[in-house]
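>>> What follows is a predicted structure for the sequence shown.
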Amino acid sequence: MSETKQHEKYYTRREVLKTASKAAAGVAMVSVIPTFITGCAQKSAELPTKEVLQYQYLAASEDAPEYPFPYQKLDPATTMERAYASFFNKGGCCRAVIDGIVGQLADNAGYPWSQIPIDAFANGAGGYGAASLCGSLGGAATAIGLAVPPEDAATITAELFKWYTSTELPIYQPEVENKTVTSKSVNCIDSVGEFMEVSGYAMGDPERKARCAGVAADCAGKTVELINAYYNL
């Protein structure tokens, strides 16, 4: 082999690309660094105006309701009856509880309760579509959050959740007498799953639906009981 061949270096494709990228990066840094330093010393550019972005804003409302919403005493028995019916009429446990409490307040007290669309809570059914938090509790927590100041709403919600996991439900059973169970968690998968296991009913069975309607009624009734007590009503 010739002397030239002995000292000639052979580069693989990876080495060639690696060398080329380093060279390119070096050139880029030489050209970018002065611009970067200069740019930092300059005044920051003003944010685009809404006209430039072509946004169309509505006039800000000045009639926002005071918070928390004004609450008036609700009868737990009436609330339970309405929530149970709403499970079937509105659809699902979360809307049932919201209608049982918020819908009832909308009818009795009007504004601002009347501004809350019940159907906005359709996604709470089935543990928010993921068998997570029971929709009945989600609806109840929303009602508590609207009616009670934040510093106390968390305490009342925790009390409701503790009741849920220590009570055999459903209590309210106007049509079908189902077996009662105490859920080991606040999640739909545990509450409904345990009921189906002990009862033998499937998700689509009318007995299972009656059971969840009853649980929604129980949660709505317990919630107004707690809020009534908070306001000494």
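Happy to help now that I have it.
>>> And the helix or strand harbouring N228, what does it pack against?
Secondary structure here is read from DSSP states H and E; on that basis N228 sits in helix 206-230. Applying 3 or more C-beta pairs under 8 Å, 6 or more residues apart in numbering; DSSP states H and E, we find helix 206-230 packed against helix 76-86, helix 93-98, helix 135-147, helix 150-164, helix 188-199. All C-beta spots, glycine's among them, are computed from the backbone N, C-alpha and C.
>>> again, 6 Å this time
Counting contacts by 3 or more C-beta pairs under 6 Å, 6 or more residues apart in numbering; DSSP states H and E, helix 206-230 is packed against helix 76-86, helix 93-98, helix 135-147.
>>> out of those, nearest to A64?
helix 135-147 (13.4 Å; C-beta to C-beta).
>>> which residues of this protein score low on pLDDT?
Along the chain, segments meeting pLDDT under 70 span 1-58, 60-61.
>>> if we go to 80?
For the chain, residues meeting the criterion pLDDT under 80 lie at 1-63.
>>> one step back: output the helices and strands packed on helix 206-230 in CSV, with distance to T155 and mean neighbour count appended to each entry.
Listed next are the helices and strands packed on helix 206-230 as CSV, based on distance: least, C-beta to C-beta, whole Å; neighbours: other C-beta atoms under 10 Å:
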stretch, distance to T155, mean neighbour count
helix 76-86, 20, 22
helix 93-98, 19, 33
helix 135-147, 10, 26
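>>> So for P174, which of those helices sits nearest?
helix 76-86 (6.5 Å).
>>> Pull the distance from that closest one to the chain's centre.
23 Å (C-alpha atoms, centre = their mean, to the nearest Å).
>>> Which secondary structure elements does that helix sit against?
helix 93-98, helix 206-230.
>>> Give me whichever of these is most buried.
Highest mean neighbour count among these (mean count of other C-beta atoms under 10 Å): helix 93-98, with a mean of 33.
>>> got the CA coordinates for it in CSV?
Extracted in CSV, the C-alpha atoms of helix 93-98 (Å, rounded to 0.1, in the frame of the first residue of the first chain):
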residue,chain,number,x,y,z
CYS,A,93,-76.5,12.1,37.8
CYS,A,94,-74.6,15.4,37.5
ARG,A,95,-77.4,17.2,35.8
ALA,A,96,-79.9,15.7,38.2
VAL,A,97,-78.2,17.2,41.2
ILE,A,98,-77.6,20.5,39.5
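>>> Give me the contacts around it.
The contact list for helix 93-98, computed with C-beta atoms under 6 Å, 6 or more residues apart in numbering, reads 83, 86-87, 118, 121-122, 124-125, 135-136, 138-140, 212, 216, 219-220.
>>> Just the buried positions in the helix or strand following it, please.
Next helix or strand after helix 93-98 toward the C-terminus (DSSP H and E): helix 104-109. Going by neighbour count (16 or more other C-beta atoms under 10 Å), the buried part of helix 104-109 is 104-106.
>>> now the residues you listed as TSV including distance to P206?
Formatted as TSV, the buried residues of helix 104-109 follow (distance: C-beta to C-beta, whole Å):
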residue	distance to P206
Q104	26
L105	30
A106	29
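>>> Can you tell me which of those comes closest to E62?
For the buried residues of helix 104-109, the nearest to E62 is A106 (22.2 Å; C-beta to C-beta).
>>> roughly how far apart are that closest one and I144?
16 Å (C-beta to C-beta, to the nearest Å).
>>> same deal with C134?
From C134 to I144 the distance is 15 Å (C-beta to C-beta).
>>> ditto for Y164
For Y164, the distance to I144 - C-beta to C-beta - is 13 Å.
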